[in-house]
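Just to be clear, the model below is a prediction. Sequence and coordinates:
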Amino acid sequence: MQSARAALINLLIAAFLITALVWGLKPTHKELIFAGTGIRDTLVTAKFSPGAGLSAVFTNNDSVGYAFYVTPAGYNFYSDSDIVRSVLKSATTPEQKAMALWRFMTNWTRHAATPSFTIQEKYNPVMMVNCFEGGFCDDRNAALANLATVAGFQSRVYHLRGHIVAEIFYDNAWHMFDADKGLYYLSPNGTVASVEYLHQHPETIAAKTKELKGIVPRLQNRLSAHALAGNVWVSDYYQYTYRGCNMRLYLNPGETLQFEVTPAGTLANLINAEINPGSGPLYQRSGKYFAHTSWQQLNADSVGMYYRRYFPFPVQQFTIGMDSGGASVPVAVYYSSDNQHWYYKGVIAGYSKLSFSTFSTDGSNFTFIYNIRFVPLALTEYNFNPAISIETGFTFSDKLFFNNPRQAFEIRPVDAVGSVGVKVWQMQ
């Protein structure tokens, strides 16, 4: 009995150590490094010591709402056209511009699984760099092709054997760029080669091996050779959705927005450094948005009361709370991402909370638009006005804050009114 118990304890210790090595330990110490009130437009610099994390909290203590966005220092990631202007500000020739777009998508995103595998939001360059921070070959190269289209180029996405790449048209020719493997190839005339040329001249890919250092880059090159040797065709599936979207955040008075990143473990970072050599350290991300309203401030229809919101980051979790101030009227809660298909989530009453995820509700990994419906299960008095809290959990790119070249981020206003309070902690 004791030996079995000892074996179980050793197994739990080993599991803990492996988890810590891969995902790291949650920081326990917080140090305030920035605090400001009444902020509308400012630069926050946060050069952290190795292994540190970040917690950035935005609170609207003003009497009016505040619309703003967060972007890496020296860049503007608000919309697709803003990204293009930021990336191409020092490029002049078509080839320089195409190379700058490829380098940006290679270094500012990473090869990694993301919350979605079935919908096209990741092909949108705005969502790729602000929300998901990475994906597989179709995601990153489709985002590159679509960003090139915004920049004024003709672009397209090529299916290879087990792989997908982007092509950009300039100087009267097509040129292949692979943001996922971080590769491109030169033809004999010194220009970036096309898919068709590489398909017919595999020796060009083989020659690249001599230039590459390290096991992973050479393996990536061999995989490219295998992919380009098979059947190749152009696909129009990868045009992105939500064209013209932006990263506008809006906080009503009293609302709070929190972004938190913690370092991944040593093993995860070693693997990431090999697969994504230019993307920087690997972090776990956790975002929370705390909204508050009252029963009488909700929208009303023939069914009941409802709350509707569009959020620029992908929302995955919800916690709904009610403070009825002594009244005990039970209220049924329903959720919908399209305002057509509604899902019953449970009942809240008195001082209670209800939590659920988008995946457990309708099978989706996240949503940008959500509707919460509240239906009383008993008659309410005319003065029934409980406080409603809606906490949403979301994901985002840590490169928005400090995992970027200047280790800094900027807060920029969208409208001419309002301000926000900001506190930033370093976590170790």
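Structure received.

Average pLDDT for stretch 87-104, rounded please.
For stretch 87-104, the mean pLDDT works out to 96.

Please enumerate residues in contact with it?
Residues outside stretch 87-104 that contact it (Cβ atoms under 8 Å, 6 or more residues apart in numbering) are 84, 144, 147-148, 151, 153, 166, 168, 170-171, 175, 177, 179, 184, 191-192. For glycine as for every other residue, the C-beta is placed from the backbone atoms N, C-alpha and C.

quick check, nearest of those to residue 209?
Checking the contacts of stretch 87-104 against residue 209 by Cβ to Cβ gives residue 184 as the nearest, at 14.6 Å.

Hmm, residue 280 and residue 263 touching each other?
No: here residue 263 lies out of contact with residue 280, judged by Cβ atoms under 8 Å, at a distance of 11.3 Å.

give the contact list for residue 408.
43, 44, 45, 46, 72, 73, 402.

looking at the sheet around the first one, what are its partners?
With DSSP bridges as the criterion, residue 43 is bridged to residue 410.

same deal with the fifth one?
According to DSSP bridges, the residues that bridge with residue 72 are residue 409.

where's it relative to residue 420, distance?
As defined by Cβ to Cβ, to the nearest Å, residue 72 lies at a distance of 18 Å from residue 420.

Looking at residue 78 now. What's its pLDDT?
The per-residue pLDDT reported for residue 78 equals 96.

How about the contacts made by it?
69, 71, 246, 247, 248, 412 are the contacts of residue 78 under Cβ under 8 Å, 6+ apart.

Look at it and give its secondary structure.
Here residue 78 takes the coil state, with states given by DSSP: H, G, I helix; E, B strand; the rest coil.

now residue 83
Note that with three-state DSSP, the state of residue 83 is helix.

check contacts around it.
75, 76, 77, 125, 126, 129, 147, 150.

if I look at it, how far off is residue 148?
11 Å.

likewise residue 126?
For residue 126, the distance to residue 148 - Cβ to Cβ - is 14 Å.

With residue 97 instead?
9 Å.

ok, back up a step: counting neighbours, which of the contacts of residue 83 end up buried?
Buried by 16 or more other Cβ atoms under 10 Å: 75, 76, 77, 125, 126, 129, 147, 150, out of the contacts of residue 83.

Looking at residue 97 and residue 148, which is more packed in?
residue 148 (26 against 21; other Cβ atoms under 10 Å).

Figure out the helix or strand that that one lives in.
Taking DSSP states H and E as the definition, residue 148 sits inside helix 137-150.

What lies in contact with that helix?
80-81, 83-84, 87, 98, 101-102, 104-106, 109, 111, 114, 122-125, 128-129, 132, 134-135, 155-157, 163-168, 177-181, 238-240.

related to what we said a few turns ago, quick one, which of residue 263 and residue 280 is more surrounded?
Using other Cβ under 10 Å as the criterion, residue 263 and residue 280 rank with residue 263 on top: 25 against 20.

Give me the pLDDT for the more buried one.
So, for residue 263, pLDDT stands at 85.

what residue ranges in the chain score low on pLDDT?
Confidence mapping of the chain against pLDDT under 70 gives the ranges 1-28, 47-50, 115-119, 240-243, 269, 325-327, 380-382.
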